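1. Need coordinates for the below:
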Amino acid sequence: MFKNNQFNRLELLLLSLLYQKDLECFEICKLINIQSKESFHPKNAILFTTLYHFENSRLLSSYESEGLLYYHLEEAGRVRLDMLKREYHHIVSGINHILDYSSTKR
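-> All right, here's what the predicted structure looks like:
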């Protein structure tokens, strides 16, 4: 949709879910699918890669519990989430202005 990492949907969704609670990968996939009303289906490989990247970037940490690997949002991840939310709202506001302007010109 947007190039040059201007906006990353998966990143926003993933960090938003982990803001609520620690989750394991398959739980994240399931929640994204359900909460997006089945409009977004992240592939496991892409999700694993993103989680790995986030952990290396210290946005997340992980721990094992009952044989499952859980991910936890760190402070740097919270800062990144806040930035992504502001960017998202800015983009939506710009789109809404264009749509509102277009509808008044008819």
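2. contacts, neighbours, all on C-alpha from now
-> OK.
3. what's the single longest helix in the protein?
-> In the chain, taking DSSP state H as the definition, the longest helix is helix 75-104.
4. Point out the other helices and strands that it packs with.
-> helix 9-20 (3 or more CA pairs under 8 Å, 6 or more residues apart in numbering; DSSP states H and E).
5. Can you give me the buried ones in the helix it packs on?
-> Buried residues in helix 9-20, counted by 16 or more other CA atoms under 10 Å: 10-19.
6. For that helix, name the packing helices and strands.
-> Packed against helix 9-20 by the contact rule (3+ CA pairs under 8 Å, 6+ apart) you find helix 25-35, strand 68-73, helix 75-104.
7. ok and the last one relative to helix 9-20, angle-wise?
-> Yep, that's helix 75-104 we're talking about. Helix 75-104 and helix 9-20 are oriented at 130 degrees to each other (axes from the mean of the first three to the mean of the last three CA atoms, to 10 degrees).
8. now the helices and strands packed on helix 9-20 as JSON lines including mean pLDDT and distance to Ala45?
-> Below are the helices and strands packed on helix 9-20 laid out as JSON lines (pLDDT from 0 to 100; distance: least, CA to CA, whole Å):
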{"stretch": "helix 25-35", "mean pLDDT": "92", "distance to Ala45": "10"}
{"stretch": "strand 68-73", "mean pLDDT": "97", "distance to Ala45": "15"}
{"stretch": "helix 75-104", "mean pLDDT": "89", "distance to Ala45": "21"}
